[in-house]
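S.K.: the sequence and its predicted three-dimensional model are supplied below.
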Amino acid sequence: MDDCERALQRALRVSGVVLLLLVQVLLVACRVSPVTSIPLVRSDDYELYLSARINGVKFTCWLDSGAGDRIYLERDRAIAAGIRPTTHGRSAWVSSETMIVDERAKATLELGGLKLDDQEVVVQNMPVPEDCVLGMGTLRQFVVELDYDAPALHLYRSATYQRSATGDAVAFTLKDAGPIVPAIITFAER
């Protein structure tokens, strides 16, 4: 091996180290930089609302961790937004005694700069005052961080996300696309 070959191998080793460092820097940046951050509005009852576009039409949606992986739209608002049901399904609200037949459609959901195509929309006369309920399961391909203090919703790439050392991890299971968390509630006076 001559001097040129040795110098080339040394340069490759150094370049490899530089390349590895660059990759590590990019991975760290991906972990700490959300794909998008969306401001939330917190109601007096601690419900969270966000602005979304569904098929290009602006909606204020209630963010619901128990609503599965669907978007629920009030019938009149869906029709006004040009969303035409193509199939039927069955669903129920928490206070419902029975399942009801509803109509379903596919739509594009836009949150911040993020665009999610082919999202399932349930069109029905809703028993809640909101004209849009966004099930958090629609965001299942991301790590979702809720900041109640700001309030804001931060979405991260799941493949590269690492939680911060100061954050708490809460174990949960999924049932019907909704998170189930074991909890103990202690009341102050009793």
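M.R.: Thanks, I have the structure now.
S.K.: so where's this protein uncertain?
M.R.: 1-32, 92-100, 126-129, 165, 176-178, 190 (pLDDT under 70).
S.K.: kindly recompute the last result at 50.
M.R.: Across the chain, the ranges flagged by pLDDT under 50 are 1-2, 4, 8, 17-27, 30-31.
S.K.: domains of it?
M.R.: 1-33, 36-180 (automatic domain parsing).
S.K.: got those domains as JSON lines, with mean neighbour count columns?
M.R.: For every residue, glycine as well, the C-beta is placed using N, CA and C. Putting the domains of the chain into JSON lines (neighbours: other Cβ atoms under 10 Å) gives the following:
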{"stretch": "domain 1-33", "mean neighbour count": "10"}
{"stretch": "domain 36-180", "mean neighbour count": "15"}
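S.K.: nearest to residue 187, of the ones you listed?
M.R.: For the domains of the chain, proximity to residue 187 was assessed by Cβ to Cβ; domain 36-180 is nearest, at 17.3 Å.
S.K.: coming back round to it: could you dump the domains of the chain to JSON lines with distance to residue 187?
M.R.: Below are the domains of the chain laid out as JSON lines (distance: least, Cβ to Cβ, whole Å):
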{"stretch": "domain 1-33", "distance to residue 187": "38"}
{"stretch": "domain 36-180", "distance to residue 187": "17"}
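S.K.: in three-state terms, label the nearest residue to residue 53 once chain neighbours are set aside for me.
M.R.: Excluding the flanking residues, the one nearest residue 53 by Cβ to Cβ, 6 or more residues apart in numbering is residue 110, at 3.9 Å. Three-state call for residue 110 (DSSP: H, G, I helix; E, B strand; the rest coil): strand.
S.K.: relative to residue 41, how far out is residue 110?
M.R.: From residue 110 over to residue 41 the distance is 18 Å, taken as Cβ to Cβ, to the nearest Å.
S.K.: quick check: bridge partners of residue 64?
M.R.: When bridges are called by DSSP bridges, residue 64 pairs up with residue 135.
S.K.: swap that for residue 54, sorry
M.R.: Residues in beta-bridge contact with residue 54 (DSSP bridges): residue 57, residue 109.
S.K.: residues in contact with it?
M.R.: Contact analysis of residue 54 by Cβ atoms under 8 Å, 6 or more residues apart in numbering lists 71, 73, 81, 83, 107-110, 119, 121, 132.
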